[in-house]
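Student: Have a look; sequence and predicted model below, questions after that.
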Amino acid sequence: MLIGVCRCLKYILLANMGSLVVTAKDHGRCCPSPHRCCEAQARGKDCSCFRRGELLSGLHAAQCHLAAVTPLVTLLTPVLQKYDYIIVGGGTAGCVLANRLTADGSKKVLVLEAGGNGGAIETVVPAALTRLFQHPTLDWNLFSQKQQQLSDREVYLARGKTLGGSSATNATLYLRGTPSDYEQWGLPGWSPEDILPWFIESESNSKGASKYHGNKGLLNVETPRYVNELHGAFFQAAAAAGLKENPDFNDWDRPQAGYGDYQVSQNNGRRACAFQTHLKPALGRPNLSVVTSATTTKLATETGAAGARTVGVEYAVGGRTGAKQTAELAPGGEVLLCSGTVANPQLLMLSGIGPADQVAEAGIPLVADLPGIGQNLQDHPATLWASMLKPEYDHIAATTELLNPDGSIKWTQYPNYLLFGKGPLATTACDRGAFVNTRGDSGEPDLQIRFVPAYALDPDAIQSYIKFGQLKELRQKWPAGVTMQLLTTRPNSRGTVGLESTDPFDMTKVELNYFQDDGSDLATLVSGVKVARNIAEQAPLGKYLEEEGWPGADVTSESDLEAYVRKTACSGNALVGTCRMGQAPTDGSVVSSNDFSMWGVNGLRVIDASVVPAIPGGQTGAVTFMIAERAAALLTKGTPVAAKSAAAVPEVAMA
């Protein structure tokens, strides 16, 4: 504990978190005189940052004060050597693998991350989620192609661009889905009974050890620490609308349907991303090298009598004009592809691995024809319902509790968060809700509701956060209200990822294809609006509400509701599936579900959310951690995923 060196209450946060030191350049984003500020802190004096009521500027100043006692993560350049494992992508899975593969010191591991160093304060404080969407350095600012069925709109896709990946920028919800989600995969070794131990072993849950929870893992999971009066009102209204309470959505002994708390991947109110929980503790190991701002541009392969094999990677540090470098594998070494659902297909196709027609169209020599690469893209299409609060309840909204009328943080909120990890700074705001079956059959819920005790500024939930920044510039108050984010939790629509160009620094071509199924996904969200209205009409919540803002009380007909959903549909930020695992290349899969190895290319495995065959009914962070832990055990201990089939695996077409 470094509290003894703190002269300001704000210092306690970083002292307890061991957060990374920010450089004067980074501090300059919030402080007009960063060098003088840091010098002032060194002399034990206050900086002007502390007089602004700004959360992030004050915390950056605190980082300066702790510079002498907190380690700074720098760009780690690999020495000229060969590696047992090259991990492409320092996101959720990449961080887990880096920790596990280097633990005994016997393997040399290189991690290449296209984003920056982890630990930015925006990725530590949950309420700073409002700053992360379309962040200039921490987000990829990725958009889909224009979607004609969505009023010809491009859809923004939030993707973390930093060590820790999207685990450093998501809403922190920890939901595993249900047993039937994994039964649907139909893969040996991936039944609910097979994977449950990996969920349990990966987590350290605030509830303690039990049949469905562990307390010895590296991933911190806890019950939300921020409590608002409107949470209770929502729960009572949901009960009045006929929903049952669900005390634990990760308890597989009971149905998923119902209302309750969503557990979060946090530790005493701060985000527990994969960088903090897995990679940061391993950074001092001599057998681990990490290079940030390193874009992998190509997988280096050789083709011999045994077929294609990866021998290393080519990458560039610092962007398009950065230095071009190569990293080589040691004999028997492997490349572990962990760049995510969007980036993996791009890199594979640029390396000649993918659908033969697309690779040929791009003028790239074919290494292996795998038609499944870039197919099977899945996400949680989302929309929302929102209402204003009556004036007498204005003070209850989370935004009113947290913010001054000019958008700055209320000073009264700092002690509760810094000392106890509680209050509105400790939440991404959407950590209560419900799962609902809108179809009325015996199947799993098709709708997820994420209740927010604050008003959505835009019917596109992501744009709502972005518009907050505009309000701050105008020094206008965030209106008080409540929101129900509505997600199609088990979608039927499938999209694709393809090449936009042969330039690895160009964005990929993402076709989401929301609502391009039999109409059931659209019907789920239309029904979701009706469910939200029904809950809001119940007395426990209705007494607080004044006027429906989205979609608006005049939007009532089926056709008007469908039009509203199409105009506002956004991403649930749960992209999976473009390198689907399966039992043979003939089933359209890309990698083996037995060992994550890629069909037709030796020395290459894919280990992240892109291998998920069908999206679970919940957020996808938990399943990504589980997959990475299974892969790590396979690589370090030989722990099998499933017994290998005695049948011969069909060959993949080679160049």
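Tutor: Noted; the coordinates are in hand.

Student: hey, which strand is longest across this protein?
Tutor: In the chain, assigned by DSSP state E, the strand with the most residues is strand 323-337.

Student: Tell me which residues of that one come out buried.
Tutor: 325, 327, 329, 333-337 (16 or more other Cβ atoms under 10 Å). Heads up, the C-betas are built off the backbone N, CA and C, glycines and all.

Student: for stretch 527-542, same thing?
Tutor: For stretch 527-542, by 16+ other Cβ under 10 Å, it's 527-529, 531-533, 535-536, 538, 540-541.

Student: Does Gly340 touch Gly90 like I think?
Tutor: No - counting by Cβ atoms under 8 Å, Gly340 stays clear of Gly90, with 10.8 Å between them.

Student: shared neighbours of these two, anything?
Tutor: Shared contacts of Gly340 and Gly90 (Cβ atoms under 8 Å, 6 or more residues apart in numbering): Gly165.

Student: out of those two, which sits in the busier spot?
Tutor: Legend: neighbour count by other Cβ atoms under 10 Å for Gly340 and Gly90, higher for Gly90 (32 against 27).

Student: Could you find the closest non-adjacent residue to that one?
Tutor: Glu113 (3.2 Å; Cβ to Cβ, 6 or more residues apart in numbering).

Student: and what of Ala114?
Tutor: Distance criterion Cβ to Cβ, 6+ apart; nearest residue to Ala114, sequence neighbours excluded, is Thr295 at 4.5 Å.

Student: mind listing the strands for the stretch 101-250 of the chain?
Tutor: 109-112, 142-143, 156-157, 203-205, 219-221 (DSSP state E, counting those that start in this stretch).

Student: Please disregard the earlier target; I meant the stretch 351-500 of the chain.
Tutor: 353-354, 368-369, 381-389, 432-436, 447-452, 481-488, 496-498.

Student: Show me what the fourth one is packed up against.
Tutor: Spelled out, it's strand 432-436. Judged by 3 or more Cβ pairs under 8 Å, 6 or more residues apart in numbering; DSSP states H and E, strand 432-436 is in contact with helix 229-240, strand 258-261, strand 447-452.

Student: Okay, Asp379 and Arg270: tell me how far apart.
Tutor: 27 Å (Cβ to Cβ, to the nearest Å).

Student: Which one of these two is surrounded by more residues?
Tutor: Asp379 (29 against 23).

Student: what separates the more buried one from Leu512, distance-wise?
Tutor: Distance of Asp379 to Leu512, computed by Cβ to Cβ: 6 Å.

Student: returning to that earlier point: which one of the helices and strands packed on strand 432-436 lies nearest to Thr169?
Tutor: Proximity to Thr169, assessed across the helices and strands packed on strand 432-436 by Cβ to Cβ, is greatest for strand 447-452 (16.5 Å).

Student: What average pLDDT does the closest one get?
Tutor: Across strand 447-452, the average pLDDT comes to 98.

Student: what does that strand contact?
Tutor: Contacts of strand 447-452 (Cβ under 8 Å, 6+ apart): 171, 173, 230-231, 234, 259, 262, 380, 398, 429-438, 482-489, 524-525, 527-528, 531-532, 535, 617-618.

Student: partner strands of that strand, parallel or antiparallel?
Tutor: Note on strand 447-452: by DSSP bridges, its sheet partners are strand 432-436 (antiparallel), strand 481-488 (antiparallel).

Student: What are the contacting residues of the helix or strand where Val531 lies?
Tutor: Assigned by DSSP states H and E, Val531 belongs to helix 520-537. The contact list for helix 520-537, computed with Cβ under 8 Å, 6+ apart, reads 234, 237-238, 241, 381-383, 385, 387, 436, 438, 446-447, 449, 482, 484, 486, 488, 491-493, 514-515, 541-542, 545, 548, 551, 558, 561-562, 564-566, 569.

Student: Buried ones among those?
Tutor: 234, 237-238, 241, 381-383, 385, 387, 436, 438, 446-447, 449, 482, 484, 486, 488, 491, 493, 514-515, 541, 545, 548, 551, 561-562, 564-566, 569.

Student: Packing partners of the helix or strand harbouring Leu634?
Tutor: Assessed by DSSP H and E, Leu634 sits inside helix 621-637. When contacts are defined as 3+ Cβ pairs under 8 Å, 6+ apart, helix 621-637 sits against helix 92-102, helix 192-202.

Student: Can you say which of those is packed in most?
Tutor: With neighbours defined as mean count of other Cβ atoms under 10 Å, the helices and strands packed on helix 621-637 peak in mean count at helix 92-102, which reaches a mean of 28.

Student: Who are the packing partners of that one?
Tutor: strand 82-88, strand 109-112, helix 274, strand 288-291, helix 621-637.

Student: thinking again about what came up before, my read: the residue nearest to Gly90 touches Ala294, true?
Tutor: Yes - Glu113 is within contact range of Ala294, at 6.3 Å (criterion: Cβ under 8 Å).

Student: So which of those two has more stuff around it?
Tutor: Counted by other Cβ under 10 Å, Glu113 and Ala294 do not tie: Glu113 has more neighbours, with 31 against 27.

Student: how close does Gly258 sit to Phe235?
Tutor: Going from Gly258 to Phe235 by Cβ to Cβ gives 10 Å.

Student: joint contacts of those two?
Tutor: Listed as contacting both Gly258 and Phe235 by Cβ under 8 Å, 6+ apart are Glu245.

Student: Name the residue in the two with the higher neighbour count.
Tutor: Between Gly258 and Phe235, counted using other Cβ under 10 Å, the more crowded position is Phe235 (22 against 18).

Student: Could you give the number of residues near the residue lying closest to that one once chain neighbours are set aside?
Tutor: Counting by Cβ to Cβ, 6+ apart, Phe235 lies nearest to Tyr259, which is 5.6 Å off, once chain neighbours are set aside. Residues near Tyr259, counting by other Cβ under 10 Å, number 24.

Student: Identify the residues contacting Tyr259.
Tutor: Contacts of Tyr259 by Cβ under 8 Å, 6+ apart are 234-235, 238-239, 243-246, 432-434, 449.

Student: could you redo the last one with a cut-off of 6 Å?
Tutor: 235, 238, 243, 434 (Cβ atoms under 6 Å, 6 or more residues apart in numbering).

Student: Just the terminal-to-terminal distance for stretch 575-585.
Tutor: 22 Å (Cα to Cα, to the nearest Å).
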